[in-house]
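[1] any chance you can model this:
(one chain, ligands or ions: 1)
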Amino acid sequence: MTKTINVLSLPNIPWQDKKDNSEIMWRYDRNPIIKRNQLKCSNSIFNSAVVPFTADNKSKFAGVFRVDDKRRSMQLHAGFSDDAINWTLNEERIEWLSEDKETAEAHPWQYGYDPRVVWIEDRYWVTWCNAYGWKPTIGVGYTYDFKTFFQCENAFLPFNRNGVLFPRKINGKYVMFSRPSDSGHTPFGDIYISQSPDMKYWGEHRHVMAPGSGWESKKIGAGPIPIETSEGWLCIYHGVLESCNGFVYSIGAAILDIEKPWKVKYRCSEYLLSPQELYECVGDVPNVCFPCAALCDGDTGRIAIYYGCADTHVGLAFAELEPLIQYIKNNSV
Ligand code: BMA
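    Numbering: from 1, shown residues only. Modelled structure (predicted):
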């Protein structure tokens, strides 16, 4: 029996039983949970990250949301929820403060997208795709309360995307996935790991996975924060296929070694969720399921996955730890 490790008990995460027993990952039947026009300024709200957050002494939720505004500028907004389904987002984008003048001067805000959020040690760390000289790389920042946000130095040089932190240090170092890319819509991409003693200087880069077959043959990128289990790190990620009609983004999963997370133990050969519903196939960018966050209840192994739908709205899907792990192992490449 697979056990979660260092995963909080979260009995109040969203949940809905599956209707079809054969499904490994299934959709919330009221998707999308966040619609594109929820804010006055929003053209679209998608690819967003949520975490458990205590407010008024109650176990609630907070997050960082990708909001593309009506100028079609990509922005990050904070949001809050009691049940992790109904979200209130701030109308104003996050204004990042810098710890020092030099960092502030180096990082005038241009755009930010595809955030991830994780609690490590004493604060919530945020990573996102940050413009540096209008070129995408991995931005890093933190908050204690989702009101004040501090920006640090970018982790990497452009071009890079999909920076995703592990939820704890491994062998004394912070660990982050990333996906070196190009300036455009990147027709390639492998997942790498980098390590850091201090969240500022990143090195000891290791290759994790290259694109695979079919559904993930074009490029891959890390998704939610990895979930620690007795079988290894459970990593839900996106894989991209190029069809005659453009890119198709689906959701897959792999299990990585706990001590050396660049070592892939199992990698599911099949996608777990692919764009099939209208809200995943029709929108600003058709045929996109892009996972950026997962809430896991350490007691039951229930997992709620948050994913961007067609670069337009936010959807919710579910999985159970044990069947998911077994499925990955049984269908491993
Ligand atoms: C990627 C990023 C994502 C987006 C995806 C599909 O390169 O821009 O934010 O969801 O493309 O358009």
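[2] for Tyr327, which three-state class applies?
    helix (DSSP: H, G, I helix; E, B strand; the rest coil).
[3] for the ligand, what's its nearest residue on the protein.
    Val285 (3.8 Å; Cβ to the nearest ligand atom). All C-beta atoms are positioned from the backbone trio N, CA, C, and that covers glycine.
[4] helix/strand/coil for that residue?
    coil.
[5] doesn't His313 make contact with it?
    No - look at Val285 against His313 with Cβ atoms under 8 Å: they stay out of range, at 11.8 Å.
[6] okay, these two: which has more neighbours?
    Between Val285 and His313, counted using other Cβ atoms under 10 Å, His313 has the larger neighbour count: 24 against 17.
[7] give me the neighbour count for the residue lying closest to that one once chain neighbours are set aside.
    Nearest residue to His313, sequence neighbours excluded (Cβ to Cβ, 6 or more residues apart in numbering): Pro32, at 3.7 Å. Per other Cβ under 10 Å, the neighbour tally for Pro32 reads 23.
[8] how long is stretch 316-324 end to end?
    One end of stretch 316-324 sits 16 Å from the other (Cα to Cα, to the nearest Å).
[9] now do stretch 214-231
    26 Å.
[10] please, which helix or strand holds Tyr279?
    helix 278-281 (DSSP states H and E).
[11] what's that helix packed up against?
    strand 313-320 (3 or more Cβ pairs under 8 Å, 6 or more residues apart in numbering; DSSP states H and E).
[12] tell me what the strand it packs on is packed against?
    strand 26-27, strand 42-55, helix 278-281, strand 302-309.
[13] quick one: work out the angle between that strand and strand 42-55.
    50 degrees (axes from the mean of the first three to the mean of the last three Cα atoms, to 10 degrees).
[14] let me see the mean pLDDT of strand 313-320.
    Mean pLDDT, strand 313-320: 98.
[15] got a list of contacts for it?
    Residues outside strand 313-320 that contact it (Cβ atoms under 8 Å, 6 or more residues apart in numbering): 14-16, 18, 24-28, 31-36, 44-46, 48, 65, 85, 251, 272-273, 279-280, 283, 289, 300-309.
[16] restrict these to contacts with the ligand.
    Gly308 (Cβ under 6 Å from any ligand atom).
[17] just the buried residues out of the contacts of strand 313-320, in ChimeraX syntax.
    A single ChimeraX command selects the buried members of the contacts of strand 313-320 (16 or more other Cβ atoms under 10 Å):
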select :14,15,24,25,26,27,28,31,32,33,34,36,44,45,46,48,65,85,251,272,273,279,280,283,289,300,301,302,303,304,305,306,307,308,309
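[18] follow-up on the earlier one: now the helices and strands packed on strand 313-320 as a markdown table including mean pLDDT and distance to Glu216?
    Shown next, in a markdown table, are the helices and strands packed on strand 313-320 (pLDDT from 0 to 100; distance: least, Cβ to Cβ, whole Å):
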| stretch | mean pLDDT | distance to Glu216 |
| --- | --- | --- |
| strand 26-27 | 98 | 20 |
| strand 42-55 | 97 | 18 |
| helix 278-281 | 98 | 17 |
| strand 302-309 | 98 | 15 |
